[in-house]
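[1] Coordinates for the following, if possible.
(one chain, ligands or ions: 1)
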Amino acid sequence: MKSLVYIDACMRKESRTRRIAEPIISKLSERYTITKFVLNELSFEIIKEDLIQQRMYGNYDPQSLSWAKTIRDTDRIVIAAPFWDMSYPSALKNFLELCSIFNVTFKSDDTTCYGNCKAEKLLYITTRGMDISTGDPLEQATPYLKALSWLWGIGPMDVIATQNMDYVSEDEVEKKVQQAIETGLYLVENW
Ligand SMILES: Cc1cc2nc3c(=O)[nH]c(=O)nc-3n(C[C@H](O)[C@H](O)[C@H](O)COP(=O)(O)O)c2cc1C
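    Numbering: from 1, shown residues only. Modelled structure (predicted):
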């Protein structure tokens with residue numbers, strides 16, 4: 001069976017983003033072995049001077065090295081993250097920074113960096129409070145994830161997004177959640 005890494009960056013217990021992601025992951029688990037990283041349950045440090053120095057000497061903490069290798073070797077990646085401060089929760093950036101390890105998730109030659117990950121596809125699932133569409137200049141999550149996918153050699157990226165979640169009725173929210181689940185289930189049939 002092929003493998004899939006699921007990064008759950010949904011920080012709220014009642015997360016609507018997670019509600020959309022879970023049936024999609026459940027469907028994918030019929031074809032992929034899932035490794036799940038729930039960022040709310042992990043503890044990790046911010047990358048600061050000391051950690052950069054350690055890394056320059058080739059000293060990687062075993063936890064992030066193991067996460068990075070899991071990401072490098074997986075066939076598919078799914079990220080579920082709500083739209084926060086026009087982007088995504090900082091825990092996700094922190095986690096991805098820790099996993100961005102030279103000679104693991106990316107490599108370099110004399111002129112530039114290039115990707116070293118196996119995953120041919122990435123699925124990003126999100127919900128947004130305001131009425132902001134994927135690709136709007138105010139939406140700064142997908143540009144970053146696409147750029148990081150390039151650095152790591154992953155791609156292409158599919159997006160399942162709902163928007164205007166905080167300005168419609170509960171019924172409307174529910175409809176949007178159900179529609180996103182349907183779209184996602186359809187997408188992953190051939191994914
Ligand atoms: C800390 C925080 C920051 C947010 N920032 C934004 C934002 O910048 N733009 C926006 O449209 N919605 C923002 N929202 C609203 C969320 O995107 C929206 O409620 C989303 O559906 C939450 O997803 P969740 O139910 O999976 O937690 C924010 C919500 C929180 C809790």
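
[2] For A141, see how far away D166 is.
    16 Å (Cβ to Cβ, to the nearest Å). The way it works is simple: take the backbone N, C-alpha and C, and place the C-beta from them, glycine included.

[3] out of those two, which sits in the more crowded spot?
    In terms of neighbours (other Cβ atoms under 10 Å), A141 is the more surrounded of D166 and A141; the figures are 24 against 11.

[4] Test my guess that that one contacts I79.
    No: counting by Cβ atoms under 8 Å, A141 does not reach I79; the two are 9.4 Å apart.

[5] Overlap of the contact sets of these two?
    Common contacts of A141 and I79 (Cβ atoms under 8 Å, 6 or more residues apart in numbering): Y124.

[6] CA atoms only for the helix or strand bottoming out on mean pLDDT in the chain - export them in CSV, please.
    When the helices and strands of the chain are compared on mean pLDDT, DSSP states H and E, helix 49-56 comes out lowest with a mean of 91. Coordinates of each C-alpha in helix 49-56 appear next as CSV, following Å, rounded to 0.1, in the frame of the first residue of the first chain:
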residue,chain,number,x,y,z
GLU,A,49,20.0,30.7,16.5
ASP,A,50,21.0,27.8,18.5
LEU,A,51,19.1,25.3,16.4
ILE,A,52,20.4,26.8,13.2
GLN,A,53,24.0,26.4,14.6
GLN,A,54,23.3,22.8,15.6
ARG,A,55,22.0,22.0,12.1
MET,A,56,25.1,23.6,10.5
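
[7] now that helix: how far from the chain's centre is it?
    The chain centroid and the centroid of helix 49-56 are separated by 25 Å under Cα atoms, centre = their mean, to the nearest Å.

[8] And for stretch 42-61?
    Taking mean C-alpha positions (Cα atoms, centre = their mean), stretch 42-61 and its chain are 21 Å apart.

[9] Repeat that for stretch 139-157.
    From the chain centre to the centre of stretch 139-157 is a distance of 9 Å (Cα atoms, centre = their mean).

[10] Return the set of buried residues in that stretch.
    139, 141-142, 145-146, 148-149, 152-154, 157 (16 or more other Cβ atoms under 10 Å).

[11] cool, stretch 4-12 as well?
    Judged by neighbour count using 16+ other Cβ under 10 Å, the buried positions of stretch 4-12 are 4-11.

[12] who touches it?
    Taking contacts as Cβ under 8 Å, 6+ apart, the residues outside stretch 4-12 that touch it are 17-18, 21, 25, 28-29, 32-40, 70-71, 74-82, 88-89, 91-92, 95, 119.
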